[in-house]
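J.: the following comprises the amino acid sequence and a computationally predicted model.
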Amino acid sequence: MDIFKVSASALEAQRVRMNTIASNMANAHTTRTAAGGPYVRKDVVFSEMPVNSDFAEKLEGVKVSAVVQDNKPPLTIYDPGHPDADAKGYVSMPDINVMEEMVNMMMAVRAYEANVRAFNMSKGMYQKALELGRQ
Amino acid sequence: MDKGTRILERIVQAANIRQKVISSNIANSDTPGYKAKDVKFNNLLGKEMKLAATDTKHIGFRKSGEVSGRTEIEDNLSWEDRNNVELDVEVAKMTENSLLHDAAVTVLSSKIRMYKNAMRTK
């Protein structure tokens, strides 16, 4: 049943990616964080994860090897009325492009769907094989 | 069981292996540096159905072994992240593969049914 591990690992990885994107979008205007300063955009890094198989070669699942911070400098916006504005009236805002995040989110959703499809097809194949010899 | 059954078994086995490789490709459609793979089966039918035409009505068969083949890296164009998985192509391959598997299982099922009928006493 190694094949299900492969698809499930990808589902998990894409879900982590979606969570990260959601967090980025939710915090597009967050100026206060526990670490201080504005929110920093995060991104996931995927890497191959070998899955043992009864097939001669190792199969490759996927895992999130790291959640990295985007090192783009924060945007400086002039907004003297903002409680976090500095002496000159400038506020540091996270440099998050909601459009970019949406595109990323769509790609994650499509990849997730493709993996669900792969999972279901593998399941269907095993079910079909179980019908062998059944009247 | 007859040789035909063995060929069908081989197809089911091959489709199973191919499904695994395609699933790996789909799982890694966003992994930087991953290269799409596919399995090439040698002698799946080529060796099995050696047409030793001793008689025009005969099809020669050779003794069958395990499914043998090799995984090959696809030579698609790579994107900036050195990944060359084409998601739509993989899904299409997977659908085709699953149909082949189901077809083989269906034929195998009816063969088994035939044997069962033949064994029935009444």
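T.: Great, that's in hand. Residues are numbered from 1 along each chain as shown, chains lettered A, B, ... in the order given.

J.: C-alpha from now on. contacts and neighbour counts both.
T.: Will do.

J.: low pLDDT regions in chain B?
T.: Under the criterion pLDDT under 70, the flagged ranges of chain B are B:1, B:42-67, B:122.

J.: go again using 90 as the cut-off
T.: Flagging of chain B using pLDDT under 90 yields the residue ranges B:1-14, B:16-17, B:37-85, B:112-117, B:120-122.

J.: which element is the most centrally placed residue in chain A on?
T.: The centroid of chain A falls nearest to residue A:17 when counting by CA atoms, centre = their mean (0.5 Å). Assigned by DSSP states H and E, residue A:17 belongs to helix A:2-26.

J.: now the strands: where do they sit in chain B?
T.: Along chain B, counting by DSSP state E, strands occupy B:37-42, B:68-73.

J.: check contacts around residue A:73.
T.: Contacts here follow CA atoms under 8 Å, 6 or more residues apart in numbering or on different chains; on that basis residue A:73 touches residue A:95.

J.: that one belongs to a helix, doesn't it?
T.: No: going by DSSP: H, G, I helix; E, B strand; the rest coil, the assignment for residue A:73 is coil, not a helix.

J.: on that earlier part again, who are the packing partners of the helix holding residue A:17?
T.: strand A:42-51, strand A:59-69, helix A:98-130, helix B:3-27 (3 or more CA pairs under 8 Å, 6 or more residues apart in numbering or on different chains; DSSP states H and E).

J.: most tightly surrounded among these?
T.: Greatest average neighbour count among the helices and strands packed on helix A:2-26 goes to helix B:3-27 (a mean of 22), per mean count of other CA atoms under 10 Å in any protein chain shown.

J.: so it, near chain A or not?
T.: Yes: Helix B:3-27 is in contact with chain A by CA under 8 Å from any CA of the partner chain, via B:17, B:19-21, B:23-27.

J.: phi and psi next, for residue A:76.
T.: phi -110, psi 120 (degrees, to the nearest 10).

J.: re the thing from before, distance to residue B:116 added to the helices and strands packed on helix A:2-26, as TSV?
T.: What follows is the helices and strands packed on helix A:2-26, written out as TSV (distance: least, CA to CA, whole Å):
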stretch	distance to residue B:116
strand A:42-51	39
strand A:59-69	38
helix A:98-130	17
helix B:3-27	14
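
J.: ok, which of these comes nearest residue B:108?
T.: helix B:3-27 (6.5 Å; CA to CA).

J.: who does the closest one touch, helix- and strand-wise?
T.: Helix B:3-27 packs on helix A:2-26, strand A:59-69, helix A:98-130, strand B:37-42, helix B:87-119, going by 3+ CA pairs under 8 Å, 6+ apart.
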